[in-house]
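K.L.:
Predicted coordinates and the sequence they were generated for:
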Amino acid sequence: MFEDLVGHFEKTRDRRILDLFADDQRVNDFSITLGDVLFDFSRINIDPEALDLLCDLAAKVDLNKKRQDMFSGVHINRTEDRAVLHTALRRPETDSLIVDGIDVVPGVHDTLRRMAAFCDDVREGRFQGQGGAITDVINIGIGGSDLGPDVACQALAPYHDGPKTHFVSNIDSADITETLGGLNPETTLVIVASKSFTTFETMLNARTTMNWMGQVVENPRAQFVAISSALEETEAFGISEDRVFGFENWVGGRYSIWGPIGLSLMLAVGPDDFAEFLAGGHDMDRHFCTAEWRKNIPVMMALVGIWHSQVCGHATRAVIPYDNRMARLPAYLQQLEMESNGKRVDMDGNPVDYHTGPVVWGEPGTNGQHAFFQLIHQGTRIVPCEFLIAARGHEPELHHHHQAVIANCLAQAEALMKGRSREQAREMLRAQGVEGDALERLARHREFPGNRPSVTLAYPQLTPRMLGRIIALYEHRVFVEGVILGINSFDQWGVELGKELAKSLLNAVSEHRPSRSAGPGTQNILSFLREFDPD
């Protein structure tokens, strides 16, 4: 499928990215502006011919038709026979969308109104804990039920004017202990986020939190909220139906921040800013559906990803937000991209003969510069980078800090592309008085190959609406890459096997007996651990 592209890459792989800027139109042709958002992909080894081939590939897989299928409610998740309609969660109330004979938009907005009413009650003190107004909210979930609201709450911290939010996902006792340690059970609200209300990790943490609260509070269940579609399970747990917010099976976990899973975010920033967040997502939906491919940020971002991963063979992708409040974005994208596109068979179950999703990782700048940028600049592997940068921060009195952040972001992208030749390194060392054998030896250490690709997403400020645009952009990028790869981006069967084995091993661990299903290596480690766990 990628033969023509690989052939073109082989002919051009040794050229310098910097040389491509001899074309005065390079920046205009390889950047896209959407209102106040700029996506610049000029600093990668891609030319108009490669872009033509990539667009041909998108046409060959009928991208426009598949995009229309997703937005119209066709069951594109074929392994689970489901529509994929997280985009419906951010549609305006005036829209209509018929799915399986039902207009889903009124139901979405009914739920949003219920969420908003509940949030107003909590934020304005009408809904209280048994010790007074709610001061803290714990969101208990895992995967998309944790990463989505966590990244959004951190990113929008300047807009918080409600209860303080906390997130628990790991079943390691350290996570729940450190979260509960500083909280007052009488003024804490607990959100248990699990569509089935049977997710092992979530329910274990929920029961532990219930026990913690019950030591102080007479009726702890009155301070619990469920985000679930399993009303029988939530009732059995003791949560009143008026405090249960459900969502449909056409919303996948890692795409669910836009609905009830976003309740903790709405509690923190309020219904109005949450509505702005949804509006930002819808802005990107409209852009994705209407802009021609070469002026379409999600499409171009996806084609760049295909170029780097499937054509150039770069196995990883680094995401570097130059905003400390976006520290969780790389972790969020790890799930969004690697759970979606980490597949080995196509839609029909046939093995693919190419690599699918890349390994996604990253840290905020400038911290990453003093950690892994050494490998990115001078290592033997090429790691395409994605930089995110805002024109201004939220602390005007510390504007000089943000100016330094911008300078560092731009400098890294420039350094990755330009590098430093050995002759330049020699000249630098001669100016420092280095001569003879040491000059040549040290020059080799100071040489930077450059020619390392990066793209940049720039915007005025990280607001609720801008965050909505960014998250929706990455969702659509994953969709486009999945369509081109011919895989199902909306199931996650790879998550299941380890969970099944963990259930079978739990009794063996807790009862100090051998496991009948475990292999010799597991038995060996289990025996070793038991020596240090007398309980």
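P.N.:
Now that the structure is in, tell me what you want to look at.

K.L.:
and stretch 270-286, which residues are buried?
P.N.:
Neighbour-count burial for stretch 270-286, counted by 16 or more other Cβ atoms under 10 Å, picks out 270-271, 273-278, 280-285. Every residue, glycine included, has its C-beta placed from N, CA and C.

K.L.:
now do stretch 183-202
P.N.:
Buried, per 16+ other Cβ under 10 Å, within stretch 183-202: 183, 185-195, 197, 199, 201-202.

K.L.:
Can you name the two of these that sit furthest apart?
P.N.:
Glu186 and Lys195 (29.4 Å; Cβ to Cβ).

K.L.:
Now for Arg344: which residues touch it?
P.N.:
351-352, 356 (Cβ atoms under 8 Å, 6 or more residues apart in numbering).

K.L.:
nearest to Ser264, of these?
P.N.:
Nearest to Ser264 among those, with distances taken as Cβ to Cβ, is Thr356, at 32.1 Å.

K.L.:
In this structure that closest one contacts Lys343, no?
P.N.:
Yes. In this structure, Thr356 is within contact of Lys343 by Cβ atoms under 8 Å, at 5.4 Å.

K.L.:
Give me the common contacts of those two.
P.N.:
With Cβ under 8 Å, 6+ apart as the test, Thr356 and Lys343 both reach 485, 487.

K.L.:
circling back to that earlier point, of the buried residues of stretch 270-286, which belong to strands?
P.N.:
Assignment to strands by DSSP state E places none of these there.

K.L.:
where does the nearest residue to Phe127 once chain neighbours are set aside land in three-state SS?
P.N.:
Leaving aside its chain neighbours, Phe127 sits nearest to Asp121 (4.0 Å; criterion: Cβ to Cβ, 6 or more residues apart in numbering). Here Asp121 takes the helix state, with states given by DSSP: H, G, I helix; E, B strand; the rest coil.

K.L.:
could you dump the buried residues of stretch 270-286 to JSON lines with pLDDT and distance to Ile44?
P.N.:
Below are these laid out as JSON lines (pLDDT from 0 to 100; distance: Cβ to Cβ, whole Å):
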{"residue": "Gly270", "pLDDT": "98", "distance to Ile44": "40"}
{"residue": "Pro271", "pLDDT": "98", "distance to Ile44": "41"}
{"residue": "Asp273", "pLDDT": "98", "distance to Ile44": "35"}
{"residue": "Phe274", "pLDDT": "98", "distance to Ile44": "36"}
{"residue": "Ala275", "pLDDT": "98", "distance to Ile44": "36"}
{"residue": "Glu276", "pLDDT": "98", "distance to Ile44": "32"}
{"residue": "Phe277", "pLDDT": "98", "distance to Ile44": "30"}
{"residue": "Leu278", "pLDDT": "98", "distance to Ile44": "32"}
{"residue": "Gly280", "pLDDT": "98", "distance to Ile44": "26"}
{"residue": "Gly281", "pLDDT": "98", "distance to Ile44": "27"}
{"residue": "His282", "pLDDT": "98", "distance to Ile44": "29"}
{"residue": "Asp283", "pLDDT": "98", "distance to Ile44": "26"}
{"residue": "Met284", "pLDDT": "98", "distance to Ile44": "22"}
{"residue": "Asp285", "pLDDT": "98", "distance to Ile44": "26"}
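
K.L.:
now those as JSON lines including distance to Thr179?
P.N.:
Shown next, in JSON lines, are the buried residues of stretch 270-286 (distance: Cβ to Cβ, whole Å):
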{"residue": "Gly270", "distance to Thr179": "23"}
{"residue": "Pro271", "distance to Thr179": "25"}
{"residue": "Asp273", "distance to Thr179": "24"}
{"residue": "Phe274", "distance to Thr179": "23"}
{"residue": "Ala275", "distance to Thr179": "29"}
{"residue": "Glu276", "distance to Thr179": "28"}
{"residue": "Phe277", "distance to Thr179": "24"}
{"residue": "Leu278", "distance to Thr179": "28"}
{"residue": "Gly280", "distance to Thr179": "29"}
{"residue": "Gly281", "distance to Thr179": "29"}
{"residue": "His282", "distance to Thr179": "33"}
{"residue": "Asp283", "distance to Thr179": "34"}
{"residue": "Met284", "distance to Thr179": "33"}
{"residue": "Asp285", "distance to Thr179": "34"}
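
K.L.:
And the strands in the stretch 151-300 of the chain?
P.N.:
164-168, 188-193, 224-227, 244-245 (DSSP state E, counting those that start in this stretch).

K.L.:
which helices and strands sit right next to the longest helix belonging to the chain?
P.N.:
The longest helix of the chain (DSSP state H) is helix 464-485. Packing partners of helix 464-485 (3 or more Cβ pairs under 8 Å, 6 or more residues apart in numbering; DSSP states H and E): helix 48-60, helix 63-72, helix 144-155, helix 271-290, helix 297-306, helix 340-341, strand 454-459.

K.L.:
Of all these, which one is nearest Arg90?
P.N.:
That would be helix 271-290 among the helices and strands packed on helix 464-485, by Cβ to Cβ, at 4.1 Å.

K.L.:
how deep is Glu124 tucked in, by neighbour count?
P.N.:
10 (other Cβ atoms under 10 Å).

K.L.:
Please read the previous query as pertaining to Asp348.
P.N.:
7.

K.L.:
next one: the one 5 residues further on
P.N.:
Asp353: 7 surrounding residues under other Cβ under 10 Å.

K.L.:
Tell me the spacing between it and Glu10.
P.N.:
Per Cβ to Cβ, to the nearest Å, Asp353 is found 18 Å from Glu10.

K.L.:
Can you name the next helix or strand after the least confident helix or strand in the chain by mean pLDDT?
P.N.:
The weakest-scoring helix or strand in the chain, judged by mean pLDDT, DSSP states H and E, is helix 496-510 (a mean of 84). For helix 496-510, the following helix or strand on the C-terminal side (DSSP states H and E) is helix 520-531.

K.L.:
angle of that next one against helix 496-510?
P.N.:
Relative orientation of helix 520-531 versus helix 496-510 (axes from the mean of the first three to the mean of the last three Cα atoms, to 10 degrees): 40 degrees.

K.L.:
For Asn170, list the residues it contacts.
P.N.:
Contacts of Asn170 (Cβ under 8 Å, 6+ apart): 142, 201.

K.L.:
6 Å instead, please
P.N.:
Contact partners of Asn170, counting by Cβ atoms under 6 Å, 6 or more residues apart in numbering, are absent.

K.L.:
separation between it and Gly419?
P.N.:
Counting by Cβ to Cβ, the gap from Asn170 to Gly419 is 41 Å.

K.L.:
got it, and Thr87?
P.N.:
Counting by Cβ to Cβ - Thr87 and Gly419 are separated by 41 Å.

K.L.:
now Val105
P.N.:
52 Å.

K.L.:
circling back: I'd like the helices and strands packed on helix 464-485 laid out as TSV, including distance to Arg26.
P.N.:
TSV is the format used below for the helices and strands packed on helix 464-485 (distance: least, Cβ to Cβ, whole Å):
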stretch	distance to Arg26
helix 48-60	10
helix 63-72	25
helix 144-155	32
helix 271-290	23
helix 297-306	15
helix 340-341	30
strand 454-459	14
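
K.L.:
what's the burial count for Gly101?
P.N.:
5.

K.L.:
If I look at it, what pLDDT would I see?
P.N.:
With respect to pLDDT, Gly101 has a value of 90.

K.L.:
Next, the residue in the chain sticking out farthest from the centre: phi, psi?
P.N.:
In the chain, counting by Cα atoms, centre = their mean, Gly436 sits farthest out from the average C-alpha position, at 50.9 Å. As for Gly436, its main-chain torsions (degrees, to the nearest 10) stand at phi 60, psi -150.

K.L.:
I'm done for today, thanks for sticking with me.
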